[in-house]
Each structure stands twice: as C-alpha cells, then as structure tokens.
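when you get a sec, could you give me coordinates for this:
(one chain, ligands or ions: 3)
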Amino acid sequence: MQSAVHKYPPQPVLALPDRQWPNRQLTHPPIWCSSDLRDGNQALANPMNGHTKLRLFRLLVAMGFKEIEVAFPSASQTDFDFVRQLITEGEVPDDVTLMVITQARGELIERTFDALQGARRAIVHLYNPTAPLWRKVVYGKDKGGILDLAVTAAQQIHQRASRHPETEWVFQYSPETFSATEPEFARDICNAVLDIWQPTPQHKAIINLPATVELSSPNVYADQIEWMHRHLHGRDSVVLSVHPHNDRGCAVAAAELAQLAGAERVEGCLFGNGERTGNVDLVTLAMNLYSQGIDPGLDFSDIDHIRDTVSDCIQLLVHPRHPYAGELVYTAFSGSHQDAIKKGFAAQDREGPWAVPYLPIDPQDVGRSYEAVIRVNSQSGKGGSAWLLQECHGLQLPRAWQVEFSQTVQQHSDHSGVEVDSHTLWQLFQQQYLSAGRFQLLGSSPALLAGAAGEPLLQFQVQDGEQPLSLSAEGNGPLDALVNALSRHLDCTLDILDFHEHARSEGRAADAVAFVALSVDGQQRLGASIHSDSLQAALRAVFSALNRC
Ligand SMILES: CC(=O)SCCNC(=O)CCNC(=O)[C@H](O)C(C)(C)COP(=O)(O)OP(=O)(O)OC[C@H]1O[C@@H](n2cnc3c(N)ncnc32)[C@H](O)[C@@H]1OP(=O)(O)O
Ligand SMILES: CC(C)C(=O)C(=O)O
Ligand SMILES: [Mg+2]
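Ligands and ions are numbered 1, 2, ... in the order given. Sure, this is the predicted structure:
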C-alpha cells in the first residue's frame, strides 16, 4: 500500500522565542464554562430534549459551574424554549450566568436576544470562522469580508443589548478555527470586535480562542494563546478564554498549557463530550488541579453520580479507563501494584499527605470505595487475594498463608481465565482450609484437669475417619495438649510452628480466626479455622492443618 502521508503538510508554528509559559505553574482554577448543553449537545445523534437538558443543567449548577452555555437558541425550537424555560421558571441561581451562542447573521442574532428576554445576566456568544480554508471554501470571502461579518454582528449585538438594560450583558467573541488562523488576522478581528464593544476592567468582554479542530501539539497552541494575550487591545478589559477540541487527543494538555500562557477561562464538556473526538474534558482538567492540591471549585465528591447522569442524558458511555471517573481507574489487577497499594494503605498517615503507590488520589474523595481498588485475576499475586479476603471477609492472612493461598488462586484463575471475585475467593479459601477432612474435633473438655506432672490434662472428642475417639493429654496449654494427644494417637511427631489469631473485622466481631502452622514429621502444613469461640478456632485450626497432609 502506498503511503498517503504526503497529503498532510505540517501545521505552521508561531515564532515566539521569548515565550513565558514554560516557566509558569498552575496555581488556581480557571473560570469554568460548561458547553455540555451547546457544543456537547450539537454533537449528539439525538440532541437532548428540554427535559434532559434541564436535568443536565441542574447537575452542572449543583457541581458549581457559574457559566453555562445552555443553547443555540436560533438553531431549534427546543433550544429556544429551553432558554425561555430557564429564565421564566427561575431555574438560574443568582450566581450563575447563562450563555447562548449565535452565528454572525442578523436574523439569528435577533432570535437569540428574543430567547434571552428577562434574563438577569447573560453572555451572548458570537462566532464566525476566520481560518484561510473556511474563508475560501465555506464563505468565499477575503479577510476584509470576514472582518466585516464579525464587526457588523458585533455592532448589532451591542445595539440590541442596549435596548434591554434590565439584563446585565456580557459579550463573547470566538474567532472559530482560531488555531488555524494567521495570528495577525486573529488579533485584528478580535481587536475590531473589542473596539466596538468597548469593554472595561469593570465590565469585561470575553475573547474565546478555540482549537476548533486540534491541529498541533499543545505547546504550539500555548504559543498562539500567549501571542494573543500580548496583542489584544485593553487586555485588562478582556477575559481570555480557551476552547480546545481533542482531535489529537491532547485537549487537556492544551488547556493546561494555554492557562500558563495567559488564558483565564476554559470552555469544555464533562467527560470530553463534543464534536468528533470531543471538547476538552472538564472533569480531567479540574481533577488534575485537585490532585495537585488546588481546589478546582467544582464538586466531584460523587463522581459516579455525575458520570451516570451525564451518560444517561447524552446516551453515551464513559470509558471504564476515563481519568478519575472510569469504572476501572482506581483498580489494580497486577500483583506488584496490588502489593504496593496494600502496603501503601497500611502505611498511610490519616492526617498526612496522600501517599499510596499507584493511586494518584484517594478514591474516597470522589465517592469511590476501597473495595474495588484491588481485583484478582491471573496477573495478581498474594497481596491481591489477601486484600480481598481482608476487605470483604474480615480475614487477615499471615504471610505464609498469603503465599500458599495465592498459588491456589493463581491456578484457579489460570484455569478459568477470568477474574476471581470475592465470593469465589471465599469459596476457594473454604475449600482449602475450612472443609471437612479425615479428622474432626467433636468436642473438648470444658475444664482443665490436673495431670500427673502437674500440667493441665485436656480431653478431646475426635472423629478419625469413621471412628469416634476420646483422646487426652497433658500440655502447657490447650493447643499443646491437643498436639500431644494427636501425636500419640497417630504415632508421629507434631509441633506447632506458628500461631496467629484475630477477631474477624467489623460486622463479624463475634468470630475468631485462627491460623496454625503445624509440623507433621518435619513437613509444614498450614491450617485455618473460624469459630465464635477463640479456643475452638485455635484447636480446629490444628485439625485443618492435619487434614491437609
Ligand atoms: C465549531 C462550532 O461548534 S460552531 C457551532 C456550530 N453549531 C451548529 O451549527 C448547531 C446549530 N446550527 C444549526 O442548527 C443551523 O446551522 C442553523 C439553524 C443555525 C442555521 O441553519 P441554516 O440557515 O440552514 O444554515 P446552514 O447551517 O445550513 O448553513 C450555514 C450558512 O450560514 C453561514 N454561516 C455558518 N456559520 C456562520 C457564522 N458563524 N456566521 C455567519 N454565517 C455563518 C454559512 O456560510 C452558510 O451560509 P450560505 O448558506 O450562504 O452558504
Ligand atoms: C463556536 C466555537 C467556540 C466552537 O465551538 C469551536 O470553535 O469549537
Ligand atoms: Mg467547539
């Protein structure tokens, strides 16, 4: 196959050798503007209806957005009616500003203002494309013609707004296709619009510079933004805004670098919905700040609710690996990660900075539980199974048991080829350590009797296969006595090598869990048992070990 790569000339880069943005750091959040109900909506096969738009609008308000682009009112009756509904039904909190978009066309601008009648405060967003390809192919206009289009529309907006002083108007201009436009022309058209609107530091206009189609790497976009930042008229009367799209998959990086370059405001959509590959993802952007200790001013404390509501409204799924919000993003399947996470949780200082390996943020901050952090499959090691048994079943497996049990889990998952859920893990644990075998403890004497040597004498009722037995022996404790009795009965050497016991965690406080490592003629066998009585748990753990010979 012949390569077609020659069809794609590289995008020009802007010469900005004294760029300042690489030396800066993000220290505060931008002004967020959600375009979910406009740019996100216009990208859907089935645009949202009024009911769905209202549901999403309420979510955006609850999350803390103060600027929301709610519609393209001249595009459809649904959008027009939605703006009317928000205004007439008092849906807009005092600290939230509605934004609507319009093309630079007289009749559309009229309709846009009709929709906004009675709004307390509103941003009127005017756009027209400015890049050479659009000028030539779409409009058949030269630079002057395109500039006239913008200026005429800006004048009409200014005049129309002045007839409605009851609304606090904010004007926004977007040179659509900015990042493909010659910087000098982008500067000239923005400045021409600003000259008409005459913003002041008290009453600013918004200049929004979109990467309508993302064409270059984020550093190039940042250079373009810094250049405009330096060349706009009355910079202190302008809110410089960016609107990255994600065609190259770099929209988040582009928005971050653009802020370093002077942008004060970011437009985007939740989870990166939007035309083609989407608008910049505001969730990732905001949570990136959060993970650096900067409060984004948006509430993600129940990120699953946000994700599910958005998904439901736009009828698109959020990828399971979507940053911060995907189903799998706080989950480790691989053994060494699980081991590190388990140790990290144990070492985490409650009041100290977050420092759990492989988890950039605490899942609980976004309403996720720790339960799904570790999931077990054939890529998992001992730490994973041990974690799940601890989290889901209240068992704290000592190291030797972790090592042994993980081999059973490994064999099972290798064989099944699928994830081992906590229920299956529990079944495997029961089969390995708790199931019936040749030996069974039927009972033990409740009181200790004095033995010949002055040591306590203990009696045990034991089942050996089909045979019920009564055994007794002295020992320096019940376990010792049991091992002595069994040694004698089996004519072999039994020794307790290791013993652990703990109360089963929360919710199962009545149960004791015992682990016994038994030497049987020099061979180590591991046993475990769970019982409401801690002595019974310990004794039964010996039988568990013996049954595994
Ligand atoms: C990058 C972005 O996201 S920009 C926003 C894009 N969003 C949308 O388009 C969604 C809503 N739009 C619509 O529903 C329709 O475009 C409408 C209802 C607004 C207008 O529909 P129509 O009048 O039938 O125009 P249509 O969209 O087919 O064609 C666009 C016409 O407007 C012109 N036009 C497009 N954008 C602009 C603009 N921003 N300013 C001025 N003229 C424009 C085109 O050049 C074309 O003109 P022509 O008919 O003389 O060739
Ligand atoms: C209208 C503008 C801001 C837009 O959506 C874009 O250029 O992507
Ligand atoms: Mg867009």
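
domain boundaries for this protein, per the record?
Domains of the chain are assigned by the TED database as 28-314, 327-373, 382-431, 439-547.

which one of the ones you listed has the poorest average confidence?
Note on these: lowest mean pLDDT is at domain 439-547, with a mean of 88.

ends of that one, how far apart?
Domain 439-547 stretches 6 Å from its first residue to its last (CA to CA, to the nearest Å).

how far off centre is it?
49 Å (CA atoms, centre = their mean, to the nearest Å).

strands of the stretch 401-549 of the chain, residue ranges please.
For the stretch 401-549 of the chain, the strands defined by DSSP state E, counting those that start in this stretch occupy 439-444, 449-450, 456-464, 467-474, 494-503, 512-520, 523-531.

deepest of those, which one?
Among these, ranked by average contacts under mean count of other CB atoms under 10 Å, first place goes to strand 512-520 (a mean of 23). No exception for glycine: its C-beta is placed from N, CA and C like everyone else's.

that one packs against which elements?
Counting by 3 or more CB pairs under 8 Å, 6 or more residues apart in numbering; DSSP states H and E, the packing neighbours recorded for strand 512-520 are strand 494-503, strand 523-531, helix 534-547.

indicate which one of the domains of the chain is closest to residue 16.
When the domains of the chain are compared by CB to CB, domain 28-314 sits nearest residue 16, at 4.4 Å.

would you mind measuring the gap between the ends of that closest one?
Start-to-end, domain 28-314 (CA to CA) is 30 Å.

what about residue 210, how many residues nearby?
A count of nearby residues for residue 210, using other CB atoms under 10 Å, gives 23.

do you know how far the closest residue to it other than its chain neighbours is from residue 68?
Leaving aside its chain neighbours, residue 210 sits nearest to residue 243 (3.8 Å; criterion: CB to CB, 6 or more residues apart in numbering). Noted for residue 243: a distance of 14 Å to residue 68, by CB to CB, to the nearest Å.

I'd assumed residue 124 was in a strand, is it?
Yes. Counting by DSSP: H, G, I helix; E, B strand; the rest coil, residue 124 is part of a strand.

on that earlier part again, in which helix or strand would I find the residue nearest to residue 210?
strand 238-244 (DSSP states H and E).

so between residue 243 and residue 68, which is more surrounded?
Neighbour totals were compared for residue 243 and residue 68, and residue 243 leads with 29 against 24 (other CB under 10 Å).

show me what contacts the more buried one?
Residue 243 sits next to 35, 39, 174, 208-212, 266-268, 279-280 when contact means CB atoms under 8 Å, 6 or more residues apart in numbering.

give me that answer again for 6 Å
208, 210, 267 (CB atoms under 6 Å, 6 or more residues apart in numbering).

residue 99 now?
Taking CB under 6 Å, 6+ apart, one finds 67, 69, 123, 125 in contact with residue 99.

surely residue 200 touches residue 237?
Yes. Counting by CB atoms under 6 Å, residue 237 is a contact partner of residue 200 at 5.2 Å.

ligand 2 contacts on the stretch 151-300 of the chain?
Proximity of the stretch 151-300 of the chain to ligand 2, by CB under 6 Å from any ligand atom, involves residues 174, 176, 208, 210, 212, 243, 245.

and the first one, that one's in a strand?
Yes. With three-state DSSP as the criterion, residue 174 is part of a strand.

count of residues packed around it?
The burial count for residue 174: 25, using other CB under 10 Å.

of the contacts of residue 99, which is the nearest to residue 497?
Closest to residue 497, out of all of those and judged by CB to CB, is residue 67, at 67.7 Å.

and that closest one, what does it touch?
Contacts of residue 67 by CB under 6 Å, 6+ apart are 33, 97, 99.

how about the residue nearest the centre of the chain, nearest residue that isn't a chain neighbour?
Here the mean C-alpha position of the chain is nearest to the C-alpha of residue 324 (CA atoms, centre = their mean), at a distance of 1.5 Å. In space, and not counting its chain neighbours, residue 324 is closest to residue 287: 4.2 Å by CB to CB, 6+ apart.

got it, and residue 410?
In space, residue 410 is closest to residue 378, 6.6 Å off (CB to CB, 6+ apart).

burial of the one you found, as a residue count?
Other residues near residue 378 come to 18 when the count uses other CB under 10 Å.

now the one 5 residues further on
Residue 383 sits with 22 neighbouring residues when counted by other CB under 10 Å.

and it, how far from residue 348?
On the measure of CB to CB, residue 383 and residue 348 end up 15 Å apart.

repeat for residue 25
Taking CB to CB, one finds residue 25 at 26 Å from residue 348.

which one's the longest helix in this protein?
helix 143-162 (DSSP state H).

related to what we said a few turns ago, which SS class is the residue nearest to residue 410?
The three-state label given to residue 378 by three-state DSSP is coil.

and it, backbone torsions?
Reported as degrees, to the nearest 10, the phi and psi values for residue 378 are phi -70, psi -10.

hang on, it packs against residue 412?
No. Contact criterion CB under 6 Å: residue 378 and residue 412 do not qualify, at 8.9 Å.
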